[in-house]
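[1] no sequence on hand, only this structure:
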């Protein structure tokens, strides 16, 4: 399994390089630099690029692979990318810290009882069997101030613990499986495709201790989004609509064709064919439209868990795109 994790790091860079060079073969379109990291809800974009759907829409994207959501925000802030892909927490934190970004499409959601796409996973060797058992243990999340930190904080609170009751370790998603196997961490927050790989790792003997970003998911919760600066969105509304239309087409194709989804998961998510059989897109709502109410749920959880002082208003973080 460690081999898969190393390949995931290199694979993201390789995908970006292939996409950048492949664009030269297509007719010149509107240049679009997309900062992203390898994660399940990004799959339709990678699939669409491979199929030429962006080119058909008059777009010429360059996909720039980075290590996580905060790095995506940094790429937008520095002008290295036009739009970014991440969980909602990094762009929220970015805006609160002076980076003028807004989210304009949501790509993933979760809801009870069985559509949950983030997991807290412990190694069998850790001895952890439930959430209460993580007290005093080394727990990992992929970045400070990210969705996984929120997930840990929320679920710990649900059993009367706080982040001070564990030993947090920041570790990128592709490195977590090996760290669990080696005993460098006891439990982690993970997403697909990495969860699918961990689940099939007999040596790891993984134990699921929680699922879903928040412990209460009676209503759908946004997981991932595309975002850009206020200035870019004001000047490139047509491009944003085209991106949404391409993503919508790719998502519908993959949801309608299981074999295409599994093939894309093998090709772009670096999964084995067996692991791809359990892969699914984290989609609850067909529409990618994002509203202030969608963001407000995340903001309220961030305030409740001490990640940000309140009050915060969802309308400050959203640019609605009609496609």
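    Received the coordinates, thanks. Note that the structure is predicted; figures quoted are calculated from it, not measured. Numbering: from 1, shown residues only.

[2] helices along the stretch 1-150 of the chain, start to end?
    With DSSP state H, counting those that start in this stretch, the ranges of helices along the stretch 1-150 of the chain come out as 2-22, 43-51, 53-56, 69-78, 89-96, 147-158.

[3] now the weakest link among the ones you listed, please, by mean pLDDT.
    Sorting those by mean pLDDT places helix 2-22 lowest, at a mean of 35.

[4] residues in contact with the residue nearest to residue 46 when sequence neighbours are not counted?
    Excluding the flanking residues, the one nearest residue 46 by C-beta to C-beta, 6 or more residues apart in numbering is residue 268, at 4.3 Å. Placement of C-beta: from N, CA and C, glycine included. Taking C-beta atoms under 8 Å, 6 or more residues apart in numbering, we find residue 268 in contact with 15, 43, 46, 47, 50.

[5] and stretch 171-178, average pLDDT?
    For stretch 171-178, the per-residue pLDDT averages 96.

[6] what's the spacing between that stretch and its chain's center?
    Put simply, stretch 171-178 sits 14 Å off its chain's centre (C-alpha atoms, centre = their mean, to the nearest Å).

[7] tell me the buried residues in that stretch?
    Buried residues in stretch 171-178, counted by 16 or more other C-beta atoms under 10 Å: 171, 172, 173, 174, 175, 176, 177, 178.

[8] closest one of those residues to residue 130?
    Taking C-beta to C-beta as the measure, residue 130 lies nearest residue 176 of the buried residues of stretch 171-178, at 19.9 Å.

[9] quick check: phi and psi on the closest one?
    phi -70, psi -40 (degrees, to the nearest 10).

[10] tell me where this structure has strands.
    Along the chain, the segments classed as strands by DSSP state E run 30-36, 59-65, 83-86, 101-110, 118-122, 138-141, 167-170, 187-191, 207-211, 221-229.

[11] what's the most buried one of these?
    Comparing these by mean neighbour count (mean count of other C-beta atoms under 10 Å), strand 83-86 ranks first with a mean of 28.

[12] which helices and strands does it pack with?
    Counting contacts by 3 or more C-beta pairs under 8 Å, 6 or more residues apart in numbering; DSSP states H and E, strand 83-86 packs against strand 30-36, helix 69-78, strand 221-229.

[13] do you know which of these lies nearest residue 124?
    Per C-beta to C-beta, nearest to residue 124 of these: strand 221-229, 27.2 Å.

[14] which elements pack onto that closest one?
    For strand 221-229, the elements it packs on are helix 69-78, strand 83-86, strand 101-110, helix 292-304, judged by 3+ C-beta pairs under 8 Å, 6+ apart.

[15] list the strands paired with that strand, with their directions.
    Strand pairing for strand 221-229, using DSSP bridges, gives strand 83-86 (antiparallel), strand 101-110 (antiparallel).

[16] just how off-centre is it within its chain?
    Relative to its chain's centre, strand 221-229 lies at 9 Å (C-alpha atoms, centre = their mean).

[17] and what of stretch 44-51?
    Computed by C-alpha atoms, centre = their mean, the chain-centroid distance of stretch 44-51 equals 17 Å.

[18] so which of the contacts of residue 268 comes closest to residue 207?
    Closest to residue 207, out of all of the contacts of residue 268 and judged by C-beta to C-beta, is residue 43, at 26.6 Å.

[19] just to check, that closest one is in contact with residue 254?
    Yes - if you go by C-beta atoms under 8 Å, residue 43 and residue 254 touch, sitting 7.1 Å apart.

[20] and those two? which has more neighbours close in?
    Applying other C-beta atoms under 10 Å to residue 43 and residue 254 shows that residue 43 carries more neighbours, namely 25 against 22.
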